[in-house]
Structure formats: structure tokens, C-alpha cells
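>>> Give me a 3D structure for the following:
(one chain, ligands or ions: 1)
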Amino acid sequence: MTTERHIDFREFPSRAELAADLAARTADALRSEIADGGAATLAVSGGTTPKLFFQELSKAELDWESVTITLVDERWVPETEERSNARLVKQNLLQNNAAAATFVPLVTDAGSPEGGLPEVQERVADLSGPLTVAIIGLGSDGHTASFFPEGDRLEDAIDPTGKALVVPMRAPAAPEPRITLTLPTLVAAGMLVLHIEGDDKKRVLDKALRGEDALEMPIRAVIAHSPRPLEVVWAK
Ligand SMILES: O=C(O)[C@H](O)[C@@H](O)[C@H](O)[C@H](O)COP(=O)(O)O
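Down below sits the predicted model:
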């Protein structure tokens, strides 16, 4: 993989400016999809980075009733737990104007992601058509979504020709079992953005760009298979 041309790197002067710009562009993409087809879908990541972006986006003026929001990946924990990505989304994104959006969780009452898979698969299939927007993050080990190095289903999740929309995932670095949208589901999104902040994440990205082994650093699979240079937004 030759590196730099596979990403479109945008640096922002501050995290606040990044959040405002990303929220404005996400809102524009959702608005234009609603204008074209009557509905739009947004998949967001959990973790710590997206909070400010969620808060900005929640205030955007658009027809939120026509928007379905889901997650790029989820930890298999109840929504009452701090580590639940659904909880983060409900507390920070499904607020203000965005409270009118429909949220599709990736967790069910089943005791495991393997047990809940058929239902989650059906929910994601019902989103119908490619995602309008997907925002992904990056872990210090090079994971994105729940594409973890040494993940038990990593090869299935990052198979560019795979037919699955979602797969369960267990990995040494993940404290709990996960469920994740797959590589083909993510790279089909009309707008796909990698949102990272801080020097450490920039170093992780630089390392990913210097190598090719996607099993070692799974973000490489997204960079390699994105139909456009992967857009990366970064602020110190
Ligand atoms: O549920 C999750 O943990 C994620 O969706 C995950 O892929 C995340 O985006 C990265 O781990 C970065 O996380 P931070 O933003 O917390 O650094």
C-alpha cells in the first residue's frame, strides 16, 4: 500500500473547531440524503473522542425524524453501564433537535453478541441501503470499530468481499465482547470519516500508513478498501 494518497488528512486548530466542522458536514450530508430519498442513516463510534461532536451535531437543524442513528460498534453491556456506547449516544447525541431521530441499538437482551446476532443483523439490514454517514475512531493498537488485533472474528470482519453486515468480536484488548459493523458495511457509506485527536493518535495513524498488515493494525483495512482516500480529521 502506498501511503499518503490513501488518506485525505485535515487538521483543525482546535477540537472545538473540528467538532463544529464535522457536525456541520455530517448535517449537510444527512440533509441532502433526505432531500434525495426521504431518509438518512448515520453510524457513529463510541469511546471518548466523539462527545463534543455529538453535542454539536445534536443542535443541527434538519429533519431529524427522517434520520436513523446506529453505532459502528458496541460493547455487549446493558445501556445502564458507563461503558455502553448507546448510553453515550443517548446522553450526548439524541438530545436537543436530534432527540427526534430514531436510534437502532446493536445490543439485545441476549446474553452474548453471538446469541443476539440474528436480531442485530436484521436491525442493520432494515436500515436498507448504504449508510449515509459513518464516523469511525482509532485505538492506540490500530483498531477501528471493533476490528481488534487478535480479535476472534477479525478476518471475517475485515473481509472486503464478506457478505455479513455485522459480526461479534472478542479480543484480548477488549474488556467485554463486542459487536461491530463489518468493513464492507463501513466502506459503503456515502461519507466515511476517521475522527482522531491528540499527538498519540496521529502517531498511531502514521504507523498504520507505514505498513500493510491489516491483522496487525486493522485500520489499514479501512484505508486500503475505502473507495476514496479515507478522510481523516485531526486536532491536537
Ligand atoms: O466502542 C469503541 O470503543 C469504539 O467504537 C472504538 O473503535 C473507538 O472508536 C476507539 O477505541 C477509539 O476510542 P477513543 O475515542 O476512546 O480513543
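
>>> Show me which residues of the helix or strand hosting residue 22 are buried.
For residue 22, the element it lies in under DSSP states H and E is helix 15-37. Neighbour-count burial for helix 15-37 flags 15, 18-23, 25-27, 29-31, 33-34 (criterion: 16 or more other Cβ atoms under 10 Å). In this view, the C-beta of every residue, glycine as well, is placed from N, C-alpha and C.

>>> which pair in the residues you listed spans the largest distance?
Put simply, by Cβ to Cβ the two of the buried residues of helix 15-37 set farthest apart are 15 and 34, 28.2 Å from each other.

>>> Give me every residue in the protein lying close to the ligand.
Residues of the chain lying close to the ligand (Cβ under 6 Å from any ligand atom) are 45-49, 72-73, 75, 85, 137-139, 143-145.

>>> Just the closest of those to residue 118, please.
Using Cβ to Cβ, residue 73 comes nearest to residue 118 of the residues of the chain next to the ligand, at 17.8 Å.

>>> List the backbone torsions phi and psi for the closest one.
Residue 73 adopts backbone torsions of phi -160, psi 160, taken as degrees, to the nearest 10.

>>> Then the one 10 residues further on?
According to degrees, to the nearest 10, the main-chain angles of residue 83 amount to phi -80, psi 0.

>>> end-to-end on stretch 171-182?
End-to-end distance for stretch 171-182, by Cα to Cα, to the nearest Å: 16 Å.

>>> now swap in stretch 77-97 and tell me
Stretch 77-97 has an end-to-end distance of 27 Å (criterion: Cα to Cα).

>>> ok, and for it, which residues are buried?
77, 84, 85, 86, 87, 88, 89, 90, 92, 93, 94.
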